[in-house]
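Asks: here is a sequence with its predicted model. Questions after.
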Amino acid sequence: MAGPNGIDTVQLMRSAADECMAPEQRKVFEELGKRDTDIYARLFRCVVKRVPPDEEFDGERLGSAGAADRWQRRALLVHLGDVLESISCVTKCGEHYHTVGEAAAQEESLATFPLLRQVDSEMTPAEFVKAATSAFFLWPTQLLEPELNRKVIGHLVQHDLFSGNRAGWNAYVEELRHAVPWFGAGLDDYVPEPFDQPGDGANPAHAERSSETTRRST
């Protein structure tokens, strides 16, 4: 299913979960993706949700920095699954509401997504879907890289989903840091202005992706 930016959310989930699934699991997901994106998103979250409880996210207790990095990447994959599920749910029910805040308050299917209470409540459902898709488009690629660019994945979300919304950004970071203590480090003092639109060429994360694509094609 293609989102407003032309990004296929099923393909996004497939890319992110690829390392976490056995071949037979991938075949099942391929079939589900053809039928119901919402079910696909829910199963995606279950497959990658092999992370310990929050209190176990400790580098020393896990034995090494490498082990902590693996678990934290899994936690980010779980979060990505939640985000994709929220996008799917908002897409399905959003036409009945004027704002995300209104939808989150009245739609039972959206009650389990903290993100919808952290973003600007005055965003329209279409604006949320567009901004969230843009904010997380680079996560699958980054989470599979040998060296995760922590600043880029944080900046994407901050720039595209929380522009002009410092309180929401702070709440989002605080919650995610229970599992990933470094998330948002170095970005706390800067929240872009609302006129910086999602996907704006001024966003260095988008610029980096563009230059990476150019390098691969040459």
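Replies: Everything's here; your move. Every value quoted in this text rests on a predicted model; they were computed, and no experiment measured them. Numbering: from 1, shown residues only.
Asks: can we go C-alpha only for contacts and neighbour counts from here?
Replies: Will do.
Asks: any buried residues in the top helix by length along the chain, and which?
Replies: For the chain, the helix reaching the highest residue count under DSSP state H is reported as helix 65-93. Going by neighbour count (16 or more other C-alpha atoms under 10 Å), the buried part of helix 65-93 is 67-69, 71-90.
Asks: check stretch 98-110 too.
Replies: Buried, per 16+ other C-alpha under 10 Å, within stretch 98-110: 99, 100, 101, 102, 103, 104, 110.
Asks: what about the strands in the protein?
Replies: In the chain, no strands are found when defined by DSSP state E.
Asks: any low-confidence regions in this structure?
Replies: Low-confidence segments of the chain (pLDDT under 70): 1-64, 188-218.
Asks: show me where it has its helices.
Replies: Using DSSP H, helices in the chain cover 9-17, 23-35, 37-48, 65-93, 100-106, 115-118, 125-136, 139-143, 150-161, 166-176, 204-217.
Asks: check which helices and strands the fifth one is in contact with.
Replies: Read that as helix 100-106. Applying 3 or more C-alpha pairs under 8 Å, 6 or more residues apart in numbering; DSSP states H and E, one finds that helix 100-106 contacts helix 115-118.
Asks: mind giving me the packing neighbours of the helix it packs on?
Replies: helix 100-106, helix 166-176.
Asks: residue 119 against residue 165, yeah?
Replies: Yes: in terms of C-alpha atoms under 8 Å, residue 119 counts as a neighbour of residue 165; the distance is 7.4 Å.
Asks: which residue of those two possesses the greater neighbour count?
Replies: The residue with more neighbours, out of residue 119 and residue 165, is residue 119; 23 against 18, by other C-alpha atoms under 10 Å.
Asks: not counting its neighbours along the chain, what's nearest that one?
Replies: Nearest residue to residue 119, sequence neighbours excluded (C-alpha to C-alpha, 6 or more residues apart in numbering): residue 168, at 5.7 Å.
Asks: could you count how many residues lie near that neighbour?
Replies: 21.
Asks: okay, the residue lying closest to residue 165 once chain neighbours are set aside and residue 103: tell me how far apart.
Replies: Among residues not flanking residue 165 along the chain, residue 120 sits closest, at 6.6 Å (C-alpha to C-alpha, 6+ apart). Residue 120 sits 12 Å away from residue 103, going by C-alpha to C-alpha, to the nearest Å.
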